[in-house]
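**Student:** build me a structure from this.
(chains A and B)
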There are 2 protein chains.
Amino acid sequence: MKVAFQGEPGAYSEQAVFNYFGKEVETVPCESFDVMFDSVVSGKSDMALAPIENSLAGSIHQNYDLLLRHNLHIVGEYFLRVRHCLITNPGVKKEDIKKAISHPQALGQCAAYLRNHGIKAEQVYDTAGSVKMLKESGAKDVAAIASRRAAELYGMQILEEGIEDNAENYTRFLAVGREAIVPEGAPHSEGMAKTSIVFTLKNVPGSLFKAMSVFALRDIDLTKIESRPLQGSPWEYLFYIDLIGSVQNETVQRALDHLGEYAVMLRVLGSYPRFKR
Amino acid sequence: MKVAFQGEPGAYSEQAVFNYFGKEVETVPCESFDVMFDSVVSGKSDMALAPIENSLAGSIHQNYDLLLRHNLHIVGEYFLRVRHCLITNPGVKKEDIKKAISHPQALGQCAAYLRNHGIKAEQVYDTAGSVKMLKESGAKDVAAIASRRAAELYGMQILEEGIEDNAENYTRFLAVGREAIVPEGAPHSEGMAKTSIVFTLKNVPGSLFKAMSVFALRDIDLTKIESRPLQGSPWEYLFYIDLIGSVQNETVQRALDHLGEYAVMLRVLGSYPRFKR
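**Tutor:** Numbering: from 1, shown residues only, chains lettered A, B, ... in the order given. I've put the predicted structure just below:
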């Protein structure tokens, strides 16, 4: 199986692909989210694993846009705990390190660690790329900050794992494929499946309240709700909702039918097994 | 007045400071969002202008976290239309350009433009930094992609403005200060003020529906709603809501009192004039 991800070999997204799909899949690095979606549409890849939200950085709207633009389906979800590694050339000791190189976001997430160890930060454009650069330079007083996967890929040494200041750093990924799935056991076992929907509402007072009532009145639990202004239409909003249950479940189907009475646009992005952390 | 922003001189955030506060303020560049908030707390700066959401990239949770951690107040909002400029050394013509350098996000947002003009992309760590690098190198076949402000700061030539593929690229900024304000005219003129709140709810069925009823029952319009899982507490959520009206308005005050009956934690981040686009 071929799975597309955004980034270079050794990126956190590639690590997520192997964790979720298993070590035997073939990964397809893509330079952008657009290219990653196209890779699935064209059949070059069987699946894509798209980051959709990060616990520190928020939702990635661009991937919601791409889900709406393409006729693809969410078939799974995965939560990656982002664990930054301090990576060096072989034989380097921690006390030798004067400088760390990485993507600005990774450096920012390890700022206290670097300060406490008297290590200066220098920005480069990519986490995995910083490991490649460090290997090529052979420098003995420099560390890169990247994923375990990047260290393994380039045969480099991991001096410490989990150097991020905030341990609550998770990225949620969605597995996206060409065919919708029936989440295993979902019709008869509410709670095992999750469904993601996107909709827009007429801008009349209380419209969101009505929309939410279709779930509340049926005791359907929501795990995510987010509004997003529709640019160009300053008074209209897109809403993202994740709910517990599958579209094969009759209660969920009735709630979505009911929501259709209020919604201007309603799209089910997919029902899929809920990830058990 | 001194206004802190995150980034280097010439960053889009600095452009937003000048647009919002006027050309006469003094800007204080900060290497991280933490440093930017500390700059206001310590009195080094009078205000900070913090990006809180981007129309393509989503909410910036880190700045919500910092608002919760510090006793600061939102006193204003500003929407910056992100307009990427194609910037070169003086005298360069568009047909001479073989390569564009910028931050990966900016390059990605101009991918179609670059492809159509046969310009290759090369990633560097910062938009404003790419202009500085280009000036230092003196290269005549390279362009940088950055803000108008960055071009002006380094005395460089803007060949084209607005080269982003998606014109609907806005970043919303919040002005943050040490003292809460009474939005002008707000007690008597609903619709001119906006209020941002953060709260958590007990995880019981329908709790969010009840929380939203306190606004719906009083015809208070919401302009943003977002849930965010509380990491470490897998069944609890933070909610962000922006509503039309000021806490000086009695209806809003009653709704917040009512919400307090359901909320485990409730914090008003500030009432401020609504930005007119």
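
**Student:** what about the strands in the stretch 101-250 of chain A?
**Tutor:** Here the stretch 101-250 of chain A has its strands, by DSSP state E, counting those that start in this stretch, at A:120-123, A:142-146, A:157-161, A:170-177, A:193-201, A:222-229, A:237-244.

**Student:** any idea which of those strands is most buried?
**Tutor:** Mean neighbour count, computed with mean count of other C-beta atoms under 10 Å in any protein chain shown, is highest for strand A:142-146 among those, reaching a mean of 28. Using the backbone N, CA and C atoms, a C-beta is placed for each residue, glycine as well.

**Student:** sheet-wise, list the partners of it with their directions.
**Tutor:** strand A:85-88 (antiparallel), strand A:99-102 (parallel) (DSSP bridges).

**Student:** pull the residues that contact that strand.
**Tutor:** The contact list for strand A:142-146, computed with C-beta atoms under 8 Å, 6 or more residues apart in numbering or on different chains, reads A:10, A:84-88, A:92, A:97-102, A:106-107, A:110, A:119, A:127-128, A:130-131, A:133-134, A:150, A:156, A:159, A:163.

**Student:** where does the stretch 101-250 of chain A have low pLDDT?
**Tutor:** Applying pLDDT under 70 to the stretch 101-250 of chain A flags the ranges A:185-191, A:231-235.

**Student:** so which residues on it come close to chain B?
**Tutor:** A:103-104, A:108, A:111, A:123-126, A:168, A:170, A:205-206, A:208-209, A:212-213, A:215-216, A:219, A:221-229, A:231-232, A:234 (C-beta under 8 Å from any C-beta of the partner chain).

**Student:** still on that earlier bit, out of the strands paired with strand A:142-146, deepest packed?
**Tutor:** strand A:85-88 (a mean of 28).

**Student:** what mean pLDDT does it have?
**Tutor:** Regarding strand A:85-88, the rounded mean pLDDT is 97.

**Student:** spatially central residue in chain A, please.
**Tutor:** In chain A, the C-alpha closest to the average C-alpha coordinate belongs to A:Pro51, at a distance of 2.0 Å (C-alpha atoms, centre = their mean).

**Student:** how does chain A divide into domains?
**Tutor:** Each structural domain of chain A that the record assigns through automatic domain parsing is listed here as a residue range: A:2-80+A:169-177, A:85-161, A:186-273.

**Student:** quick check: end-to-end length of stretch A:193-210?
**Tutor:** Distance between the boundary residues of stretch A:193-210 (C-alpha to C-alpha, to the nearest Å) amounts to 24 Å.

**Student:** circling back to that earlier point, can I get the domains of chain A in a markdown table with distance to B:Ile244?
**Tutor:** What follows is those, written out as a markdown table (distance: least, C-beta to C-beta, whole Å):
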| stretch | distance to B:Ile244 |
| --- | --- |
| domain A:2-80+A:169-177 | 23 |
| domain A:85-161 | 34 |
| domain A:186-273 | 11 |
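
**Student:** show me which residues of the lengthiest strand in chain A are buried.
**Tutor:** In terms of residue count, the longest strand belonging to chain A (DSSP state E) is strand A:263-273. Within strand A:263-273, the residues that count as buried by 16 or more other C-beta atoms under 10 Å in any protein chain shown are A:263, A:266, A:268-273.

**Student:** what of stretch A:74-83?
**Tutor:** Of all the residues in stretch A:74-83, those buried under the rule 16+ other C-beta under 10 Å are A:74-80, A:82.

**Student:** among those, name the ones in strands.
**Tutor:** With strands defined by DSSP E, the entries of the buried residues of stretch A:74-83 inside them are A:74-80.

**Student:** what's stretch A:19-35 in contact with?
**Tutor:** Applying C-beta under 8 Å, 6+ apart, the set of residues contacting stretch A:19-35 is A:1-9, A:11, A:14, A:17-18, A:36, A:39, A:44-45, A:47, A:49-50, A:60, A:62-63, A:66, A:76, A:78, A:80, A:173, A:175, B:108, B:111.

**Student:** what comes up buried for it?
**Tutor:** Of the residues in stretch A:19-35, those scored as buried under the neighbour-count criterion (16+ other C-beta under 10 Å) are A:19-21, A:25, A:27-35.

**Student:** if we can go back for a sec, tell me which of the strands of the stretch 101-250 of chain A sits nearest to B:Ala193.
**Tutor:** Among the strands of the stretch 101-250 of chain A, strand A:222-229 comes nearest to B:Ala193, with 18.0 Å by C-beta to C-beta.
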